[in-house]
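**Student:** Give the three-dimensional model of this entry:
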Amino acid sequence: MANLWPRTLPASIRNNPLRRAEVRVYDKLSQVLDDSFTVFYSSPWLGMDHLGNEKDGECDFLVAHPTLGYLAIEVKGGGISYDPADRQWRSTNGAFTFKIKDPVEQSRSAKHELLKKLKELPGWHNRWVHISHGVIFPDAAAVTGDLGADKPRELFCCAYQFAHGPHDWIEARMRSNAGQPGPDKLGKDGIAALEKILAQPFNLAFRISSAMEDAKEELGILEPSQFHVLQHIAEISRAEIKGGAGTGKTVLAIEEARRAAALGRRTLLTCFSQPLANELRRRTGVETNLTVGCIRDVSIETLQKAGVPLPPPSERSQEFMDAKLPELFFDALSLRPDLRWEHVVIDEGQDIFENWWIPIDAAVAENGVLRVFSDTNQRVYAGKVLPSADLQIVPIRLTRNLRNTKAIHAAALMHYEGPEIVAEGPNGLPVTWIEAGSQVAMVTAAYAEVRRLVYQEQVATSEIAVLFPDSPWVERFLVAASRSDLEFANCDDLETERIVVDTIQRFKGLERPAVVLVAGTGDFANPEPAYVGLSRPRFYLSVVAHPLEMKWLQEGLKESLIPEVETRGAV
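**Tutor:** Numbering: from 1, shown residues only. From the prediction side, this is the model:
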């Protein structure tokens with residue numbers, strides 16, 4: 001039996017469905033390798049990137065042998081596919097397929113990074129060691145040919161070989177490129193050196209970025225399960241689909257619009273917020289028969305097509321946009337019924353002002369379909385009730401949060417009143433609460449948290465948003481971070497690789513994997529920014545607040561609802 005690090009797997013790893021494939025490989029290696037082999041599972045290391053910043057790495061398995069050197073192995077469960085056109089790997093679990101990182105590159109990178117760490121030890125700088133890498137797909141059919149010059153077939157151990165001959169595959173990989181064993185074998189001292197690097201003490205803790213990836217895989221499987229709602233309401237011409245934050249309203253709105261357009265129906269997907277409209281347009285792509293835009297832009301475009309006179313943009317006051325534009329939109333649709341849509345989908349319907357609903361009703365063609373997706377939080381939106389009776393809308397309720405982790409759901413739930421919503425995702429990381437006693441301290445703490453996420457926790461900049469109560473707060477942060485090597489953008493362009501910095505209001509209806517939320521000083525007395533801000537992250541939430549604000553944000557927080565709360569102080 002191989003020498004294993006750790007000697008046994010903790011229950012938290014064995015019972016984690018996302019670690020199922022790794023657990024199978026751990027057990028199989030312990031059975032098929034003799035005691036001349038040493039196996040390290042989930043081996044972490046600390047290195048430096050090309051900018052000189054710290055970075056973390058991890059190898060699923062490292063198999064070491066005194067004579068054969070070592071083999072870095074990456075494991076991916078489920079059915080596996082690779083598209084050379086976009087160089088994208090995918091894993092299929094049941095009916096759902098999701099993108100995964102390149103396992104060949106992961107194993108190759110681990111192989112070289114560990115060699116660097118080994119050569120940093122005294123006596124190893126000029127020593128030559130056999131090293132190799134490979135990938136195990138314990139559930140996938142055999143790779144029938146090379147996938148590229150750097151992806152030959154022999155790199156992969158698939159289901160049949162994993163079940164019947166993984167020992168032979170491991171030895172073949174470890175002997176590849178080795179030639180005749182040279183004088184500088186890994187040796188027992190090399191095994192001891194690897195143990196010093198990887199197993200003293202052994203650490204199964206995962207960085208925030210790794211934990212976010214785990215949650216992303218689980219929620220990525222859950223989210224499409226809400227699509228059955230669209231089948232259930234297919235025969236209903238007018239429906240309001242209502243649910244709290246995270247229940248998948250925007251995902252369903254996009255899917256509803258795509259399906260209608262694919263059937264050849266003239267379709268409109270709209271909302272009130274310009275940043276949300278930009279995101280809807282990005283996520284739908286260029287679709288035939290589909291118009292996507294905020295309701296004001298859609299109205300202006302319709303007026304222009306109908307030949308209705310409009311004042312120039314410089315003369316379009318707020319009063320004109322709020323009061324006169326809806327009336328002109330209605331007039332244009334009356335003049336040109338051919339401009340109406342057969343299928344109208346409204347996202348974030350609770351944000352549409354009452355005087356827009358008659359024009360929206362007029363935008364639906366005869367025998368057309370109307371879908372309105374809106375929030376059920378009575379604490380925030382009790383006064384914004386859709387004219388359901390006038391529009392003859394049938395209410396449909398969503399009750400499952402499929403977007404947020406349980407920890408984030410519980411934090412937002414403290415500012416929600418309405419029909420019960422159950423979070424079905426993973427527990428996720430605890431919410432981080434950072435106390436700061438002044439505006440300067442809050443901005444400083446938020447900036448420090450962003451740098452920690454990027455440089456210590458390896459969270460991608462494209463996955464982070466920093467949200468503030470208003471635009472002056474945004475400006476303070478950008479000034480404080482102006483000398484940073486990090487780049488920032490607002491939420492008008494969520495395709496950016498930069499960190500999004502914007503107000504809570506403008507970010508409404510949008511999301512990011514990780515959010516740093518700054519509560520301000522006294523700004524969160526209104527429950528709407530609290531509810532919206534706390535529900536924007538999918539996997540990780542950090543809240544910076546004054547101690548008095550913090551107390552209100554955590555009002556009623558119950559241990560039974562949230563797995564863990566972490567509070568830190570800031571100067």
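**Student:** Please state the backbone phi and psi of residue 517?
**Tutor:** Main-chain dihedrals, residue 517, degrees, to the nearest 10: phi -110, psi 120.
**Student:** For it, give its distance to residue 415.
**Tutor:** Using Cβ to Cβ, to the nearest Å, we find residue 517 at a distance of 12 Å from residue 415. In short, each C-beta sits where N, CA and C put it, glycine included.
**Student:** now do residue 32
**Tutor:** 54 Å.
**Student:** higher neighbour count, those two?
**Tutor:** Each of residue 32 and residue 415 has its neighbours counted (other Cβ atoms under 10 Å); residue 415 has more, 25 against 17.
**Student:** what secondary structure does the closest residue to residue 488 other than its chain neighbours sit in?
**Tutor:** Spatial nearest neighbour of residue 488, excluding adjacent residues (Cβ to Cβ, 6 or more residues apart in numbering): residue 501 at 4.7 Å. Residue 501 falls in the strand class when you classify it by DSSP: H, G, I helix; E, B strand; the rest coil.
**Student:** Quick check, pLDDT for residue 501.
**Tutor:** At residue 501, the model reports a pLDDT of 97.
**Student:** can I assume it is in contact with residue 478?
**Tutor:** Yes - judged on Cβ atoms under 8 Å, residue 501 makes contact with residue 478 at a distance of 6.4 Å.
**Student:** can you give me the strands for the stretch 301-450 of the chain?
**Tutor:** 341-346, 364-374, 394-397, 400-401, 422-423, 431-435 (DSSP state E, counting those that start in this stretch).
**Student:** In CSV, list the ones you listed along with mean pLDDT.
**Tutor:** Below are those laid out as CSV (pLDDT from 0 to 100):
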stretch, mean pLDDT
strand 341-346, 97
strand 364-374, 95
strand 394-397, 87
strand 400-401, 89
strand 422-423, 90
strand 431-435, 92
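**Student:** circling back to that earlier point, check the contact lists of residue 501 and residue 478 and give me the overlap.
**Tutor:** residue 488 (Cβ atoms under 8 Å, 6 or more residues apart in numbering).
**Student:** which one of those two has more residues nearby?
**Tutor:** residue 501 (24 against 16).
**Student:** Contacts only, for that one.
**Tutor:** 465-466, 468, 474, 477-478, 488-490.
**Student:** Give the helix, strand or coil label for residue 141.
**Tutor:** coil.
**Student:** I'd say it and residue 159 touch.
**Tutor:** Yes - between residue 141 and residue 159 a contact is recorded at 6.5 Å, counting by Cβ under 8 Å.
**Student:** Please say which of those two ends up with more neighbours.
**Tutor:** Using other Cβ under 10 Å, the more surrounded residue of residue 141 and residue 159 is residue 159, with 16 against 11.
**Student:** re earlier: need the contacts of residue 501 in TSV (columns: distance to residue 295).
**Tutor:** Listed next are these as TSV, based on distance: Cβ to Cβ, whole Å:
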residue	distance to residue 295
465	24
466	28
468	26
474	25
477	30
478	30
488	29
489	25
490	21
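**Student:** So which of these belong to strands?
**Tutor:** 465-466, 468, 488-489 (DSSP state E).
**Student:** For the nearest residue to residue 32 once chain neighbours are set aside, grab phi and psi.
**Tutor:** Using Cβ to Cβ, 6+ apart and skipping the chain neighbours, the partner closest in space to residue 32 is residue 167 (4.3 Å). Here is the backbone geometry of residue 167 (degrees, to the nearest 10): phi -60, psi -40.
**Student:** Contacts only, for residue 76.
**Tutor:** 21, 89, 91, 100, 103, 135-137, 140.
**Student:** Please indicate which of these has the highest neighbour count?
**Tutor:** residue 136 leads those on contacts (other Cβ under 10 Å) with 30 neighbours.
**Student:** Tell me the spacing between that one and residue 234.
**Tutor:** 43 Å.
**Student:** Out of the strands of the stretch 301-450 of the chain, which one sits most buried?
**Tutor:** strand 341-346 (a mean of 25; mean count of other Cβ atoms under 10 Å).
**Student:** Contacts for it next, please.
**Tutor:** 253, 256-257, 260-261, 265-271, 291, 352, 360, 363-365, 368-373.
**Student:** Just the element for the residue nearest the centre of the chain, please.
**Tutor:** For the chain, the residue nearest the mean C-alpha position is residue 513 (4.0 Å; Cα atoms, centre = their mean). If you go by DSSP states H and E, residue 513 is part of strand 512-518.
**Student:** now for that strand, which elements pack on it?
**Tutor:** On a contact count with 3 or more Cβ pairs under 8 Å, 6 or more residues apart in numbering; DSSP states H and E, strand 512-518 meets helix 208-222, helix 439-451, strand 464-468, helix 527-534, strand 537-545.
**Student:** Against which helices or strands is the third one packed?
**Tutor:** I take that to be strand 464-468. Packed next to strand 464-468, using 3+ Cβ pairs under 8 Å, 6+ apart, are helix 439-451, helix 471-480, strand 499-503, strand 512-518.
**Student:** per-residue confidence averaged over the first one?
**Tutor:** Which is helix 439-451. 94.
**Student:** what is the orientation angle of it with strand 464-468?
**Tutor:** 170 degrees (axes from the mean of the first three to the mean of the last three Cα atoms, to 10 degrees).
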